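Trainee: Sharing a sequence plus its predicted fold:
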Amino acid sequence: MTKTGRPVGKPPYKPQDKDRPVVQALVANGLTHPQIAHYLKIDRETLEKYFREELDRGMDTVLAIISGRLVQKAMAGDNTCMIFWLKTRHPALFNPPTRAEVTGANGRPLYFGNTPDDRLSKIIAAIRTSLPPDDGDGGGSQAGD
């Protein structure tokens, strides 16, 4: 309090009902919490204190709308949407396994003719580290398969 009896600082923030849909729309459109707080002329902590539900629901709303439209297009026969949905919702079933094959010049077998054994071990180790991890299915090709 000042000598005149007036409080010091800003008065406490009072959230306005008209700001709630605005906050939810700004979140849905990808704005960050600091950007939304700046828009409302409040600090981030105040935004998160008074608009927690709108901040949480904003992205859920846009995700639900986009997901719904994606499914509608897939159900209407849009092949790209069908493939995207299947690959993202069921990746184990609809993403082909990654496989790398190493060959020598012009697709011929690798040649390690005059390579000392210790250098050959380093080459093999480097190739192994560059490959995706083995999925444990025992697959893969062996020479002579």
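Mentor: Nice, thanks for sending it over. Numbers count the residues shown, from 1 in each chain.

Trainee: in which helix or strand would I find the residue most central in space within the chain?
Mentor: When C-alpha atoms, centre = their mean is applied to the chain, the residue found nearest the centroid is residue 88 (11.4 Å). Assessed by DSSP states H and E, residue 88 sits inside helix 79-89.

Trainee: One more: residue 38?
Mentor: helix 33-40.

Trainee: Next SSE downstream of that helix?
Mentor: Next helix or strand after helix 33-40 toward the C-terminus (DSSP H and E): helix 44-50.

Trainee: What lies in contact with the following helix or strand past that following helix?
Mentor: Following helix 44-50 in sequence order, the next helix or strand is helix 52-75 (DSSP H and E). Helix 52-75 is contacted from outside by 20-21, 23-29, 33, 36, 47-48, 81-82, 84-85, using C-beta atoms under 8 Å, 6 or more residues apart in numbering. In this view, the C-beta of every residue, glycine as well, is placed from N, C-alpha and C.

Trainee: in helix 52-75, what counts as buried?
Mentor: If you call a residue buried by 16 or more other C-beta atoms under 10 Å, then helix 52-75 has these buried ones: 54-55, 57-58, 62, 70, 73-74.

Trainee: just stretch 80-90 next, same as before
Mentor: 81-82, 85.

Trainee: tell me which of the residues you listed is nearest to residue 125?
Mentor: Proximity of the buried residues of stretch 80-90 to residue 125 was ranked by C-beta to C-beta; the top entry is residue 85 with 40.2 Å.
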